[in-house]
Each structure stands twice: as C-alpha cells, then as structure tokens.
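Undergrad: my questions are about this predicted structure, shown below with the sequence.
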Amino acid sequence: MTGKPPPSARKVNVISKLAIKNLPYHKHVVQQIEKFVCTVSAPYRLSGLYLLDSILKIAESKIGKNNPYSERFAVNLIQTVENIFGCVDSDKVVGLLVVVGLLVDVVCF
C-alpha cells in the first residue's frame with residue numbers, strides 16, 4: 001500500500017470529540033464522513049466505519065438516545081455500509097459485522 005496509513009485510534013477519538021463539540025454542524029459532519037467512506041480507497045473505508053461508530057457511542061453517552069447524529073446517520077446507514085462491504089478484504093469481514101451489529105443497537109432502527 002502506498003500513501004498514508006489509515007487514521008489511528010487516537011485520531012478517530014479526536015475527530016469524534018470534535019464532532020460532539022460542534023453539534024450544531026452535525027449535518028455537515030455526517031455528510032463529510034459519508035462522503036469519505038464512499039470516495040476513499042479500500043483500506044480507509046473501515047476506518048470511516050470506526051469513526052462513525054465512535055461518534056455514535058460518544059453522542060449516546062453524552063446526549064442520550066435521541067441525539068441528532070443517530071438520526072442523521074440512520075438516513076444513509078445502509079448505503080454507507082454497502083459501500084464499505086464492497087471493498088473490505090475477506091479477513092476483515094468478521095470485525096466489520098461486529099461493528100455493524102453494534103451500530104444497529106445504537107441507532108435503534
């Protein structure tokens with residue numbers, strides 16, 4: 001793989017905390033994360049899912065179940081997950097299924 005590595009866990013946490021701080025701009029944050037997941041190469045897409053998961057968990061713990069991030073991510077969650085599944089290696093599918101299962105619990109379909 002050439003280029004920069006995917007974002008580290010520390011960067012994911014920093015971005016998640018910034019997303020919570022900028023709650024009035026949740027629409028833009030969600031839009032940029034969905035755009036990131038759809039346009040980047042395969043190694044980065046799983047990091048986008050981890051970022052989405054991290055934001056939802058922090059938002060639920062700080063704001064509660066009815067936070068704007070849950071509602072906004074739920075709109076295009078199926079399309080976003082399909083984009084991620086399309087490029088993930090077969091050895092990472094199990095980890096992806098675990099994260100998607102957690103997302104379903106958090107978003108509350």
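TA: That came through fine.
Undergrad: which stretches of the protein form helices?
TA: With DSSP state H, the ranges of helices along the chain come out as 9-21, 26-39, 42-62, 68-75, 77-85, 93-107.
Undergrad: give the burial count for I20, as a bare number.
TA: Number of residues near I20 (other Cβ atoms under 10 Å) recorded here: 17. Every C-beta, even on glycine, is put in place using the N, C-alpha and C of the backbone.
Undergrad: can you pull the contacts of it?
TA: 55, 58-59, 62-63 (Cβ atoms under 8 Å, 6 or more residues apart in numbering).
Undergrad: buried residues, stretch 20-32. List them.
TA: Residues of stretch 20-32 classed as buried: 20, 26, 29-30 (neighbour count, 16 or more other Cβ atoms under 10 Å).
Undergrad: no wait, stretch 37-55
TA: 37, 43-55.
Undergrad: nearest to T80 among the contacts of I20?
TA: The closest of these to T80 turns out to be I55 (Cβ to Cβ; 12.6 Å).
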